[in-house]
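# this one's sequence-less:
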């Protein structure tokens, strides 16, 4: 049975709203902005610092001018004042937090490497969302961002995510074999949500039938 949904996405495809609605319908916990807040709390840094590191590989400048931080991660990851909060530290924390979320279950997790961290779990349903460039620009501008800034974001954010995944997981982005579904959000949020929920149910029903069949064979 699926207890976790991970949503990887192209920037601007509408994943945030889709994830929120999925979590609401399932009555599961949404880990999107709250995931950033959890990392920030554990690292004793502000959310802005985390956001600047999420799904980005630190460049030479950031490696010379990192934000220093204190404290220790409660899940036995000791840190001292000489260490800094960079992408490497964040990824280690992200893995521990993601594994804890998965153990608790009933969670919708957006990005942050979750499909890669949880790729061995059979209770995780993995989805990749994308959209044509024009659709992404339309959605971003509708959210209150200027057309010029929207174009810059579409051109840069996914390139950073691609580099991030290559660096930390030695994988292409997206890794198509990783996902149960890859959906174009131009069809509309409701259609995307319905397809995700229906496919999850169909896979679970098929698995249940298969298990019942195997039990029947064993009893003969």
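That came through fine. As the structure is a computational prediction, the values presented were derived from the model and not from experiment.
# and the helix or strand harbouring residue 148, which residues are buried?
Assigned by DSSP states H and E, residue 148 belongs to helix 147-169. If you call a residue buried by 16 or more other C-beta atoms under 10 Å, then helix 147-169 has these buried ones: 150-151, 153-154, 158, 161, 164-165, 168-169. C-beta here means a position set from N, CA and C on the backbone, and glycine is covered the same way.
# State the mean pLDDT of that helix.
In this model, helix 147-169 has a mean pLDDT of 90.
# next one: stretch 178-194
Stretch 178-194 comes out at a mean pLDDT of 97.
# gap between the two ends of that stretch?
Using C-alpha to C-alpha, to the nearest Å, the span of stretch 178-194 from its first residue to its last is 21 Å.
# what's it in contact with?
8, 13-15, 17-18, 21-22, 25, 115-116, 119, 125-132, 135, 171, 174, 176, 195-196, 199, 203 (C-beta atoms under 8 Å, 6 or more residues apart in numbering).
# likewise stretch 9-21?
Against stretch 9-21 from outside (C-beta under 8 Å, 6+ apart): 7, 30, 32, 108, 110-111, 128-131, 135-137, 139-140, 150, 153-154, 157-158, 161, 185, 189, 192-193.
# Which members of these are positioned in strands?
Secondary structure from DSSP state E places 7, 30, 108, 110, 128-130 of the contacts of stretch 9-21 in strands.
# okay, and for the chain, where does confidence drop off?
45-85, 208-220 (pLDDT under 70).
# in it, which residue is closest to the centre?
The chain has residue 111 as the residue nearest its centroid, 1.7 Å off, counting by C-alpha atoms, centre = their mean.
# Can you tell me how far it is from residue 127?
Applying C-beta to C-beta, to the nearest Å, the value for residue 111 to residue 127 is 11 Å.
# who touches both of the two?
By C-beta under 8 Å, 6+ apart, the residues touching both residue 111 and residue 127 are 7-8.
# these two touch, right, residue 30 and residue 7?
No - using C-beta atoms under 8 Å, residue 30 makes no contact with residue 7, being 10.0 Å away.
# Contacts for stretch 113-124 next, please.
In contact with stretch 113-124 (C-beta under 8 Å, 6+ apart) are residues 1-6, 8, 55, 91, 94-95, 98-99, 102, 105, 109, 126, 128, 164-165, 168-169, 171, 175, 178-179.
# For it, buried residues please.
Neighbour-count burial for stretch 113-124 [16+ other C-beta under 10 Å]: 113-118, 121, 124.
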